[in-house]
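Asker: output the structure for:
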Amino acid sequence: MYIGWITQPNKTILQLATVLLLSLVLFYSAGCSRNVTTSMDASSDYEVVSMLPVPDSTQLPAVIKRLMDLADQQYYKSKIPEAVSTLERAIRIKPHYPEIWARMAFVYSSLGEFGRSIKFAERSNTYLSNNHPLKQFNDELIASAKGK
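Answerer: Alright, predicted model coming up:
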């Protein structure tokens, strides 16, 4: 069946639009994935999207996990000062968890404060034992910040 309105220029535009749409779908499905966890709270269930692209340690104390979840929520609601305060509180409670320091590095990197970002990522690396994905994240963040 011949459709008269699909001329050669229209076919080209249609092909370009199809390629663009497929590229966007592939980009968002592959490159923009986030670490999503479901946390159970006494009052409700909620989903938390982590700032970090790697999962947190399963051995984190509940209080630290809750504070990091809260900081993640605050960050994604653009409440950056509150997220920093929450992470600082977590550091005061348990300063030896690399996930907290990595989140601080991420926040400061997103704010363009690369010197602080490097400092926090390096501190995170000092507390790592066998978390290779987090080490890689920190190292990439440091390299990116040094390149700015």
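Asker: secondary structure element for the residue nearest to Leu141 when sequence neighbours are not counted?
Answerer: Among residues not flanking Leu141 along the chain, Ala121 sits closest, at 4.9 Å (Cβ to Cβ, 6 or more residues apart in numbering). Every C-beta, even on glycine, is put in place using the N, C-alpha and C of the backbone. If you go by DSSP states H and E, Ala121 is part of helix 114-126.
Asker: what angle separates the helix or strand just after that helix from helix 114-126?
Answerer: Scanning forward in sequence from helix 114-126 by DSSP H and E, the next helix or strand is helix 132-146. On the basis of axes from the mean of the first three to the mean of the last three Cα atoms, to 10 degrees, helix 132-146 is oriented at 160 degrees to helix 114-126.
Asker: tell me which other helices or strands helix 132-146 touches.
Answerer: helix 98-110, helix 114-126 (3 or more Cβ pairs under 8 Å, 6 or more residues apart in numbering; DSSP states H and E).
Asker: please convert those helices to CSV, extending it with mean neighbour count and mean pLDDT.
Answerer: CSV is the format used below for the helices and strands packed on helix 132-146 (neighbours: other Cβ atoms under 10 Å; pLDDT from 0 to 100):
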stretch, mean neighbour count, mean pLDDT
helix 98-110, 24, 97
helix 114-126, 19, 97
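Asker: save those as CSV, and put in distance to Pro53 too.
Answerer: CSV is the format used below for those (distance: least, Cβ to Cβ, whole Å):
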stretch, distance to Pro53
helix 98-110, 9
helix 114-126, 14
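Asker: relative to Lys146, which of the ones you listed is closest?
Answerer: helix 114-126 (6.7 Å; Cβ to Cβ).
Asker: contact partners of that closest one?
Answerer: 98-102, 104-106, 108-109, 134-135, 138-139, 141-142, 145-146, 148 (Cβ atoms under 8 Å, 6 or more residues apart in numbering).
Asker: what is the orientation angle of that helix with helix 98-110?
Answerer: Using the same axes, to 10 degrees: helix 114-126 against helix 98-110 is 160 degrees.
Asker: extract the CA atoms of helix 114-126 and return them as PDB.
Answerer: Output of helix 114-126 as PDB, limited to C-alpha atoms (Å, rounded to 0.1, in the frame of the first residue of the first chain):
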ATOM      1  CA  PHE A 114      35.900  20.400  43.900                       C
ATOM      2  CA  GLY A 115      38.600  20.900  46.600                       C
ATOM      3  CA  ARG A 116      36.100  19.700  49.300                       C
ATOM      4  CA  SER A 117      34.900  17.000  47.100                       C
ATOM      5  CA  ILE A 118      38.400  15.600  46.700                       C
ATOM      6  CA  LYS A 119      39.000  15.800  50.400                       C
ATOM      7  CA  PHE A 120      35.900  13.900  51.300                       C
ATOM      8  CA  ALA A 121      36.400  11.200  48.500                       C
ATOM      9  CA  GLU A 122      40.000  10.700  49.800                       C
ATOM     10  CA  ARG A 123      38.700  10.300  53.300                       C
ATOM     11  CA  SER A 124      36.100   7.800  52.100                       C
ATOM     12  CA  ASN A 125      38.900   5.800  50.600                       C
ATOM     13  CA  THR A 126      40.800   5.600  53.900                       C
END
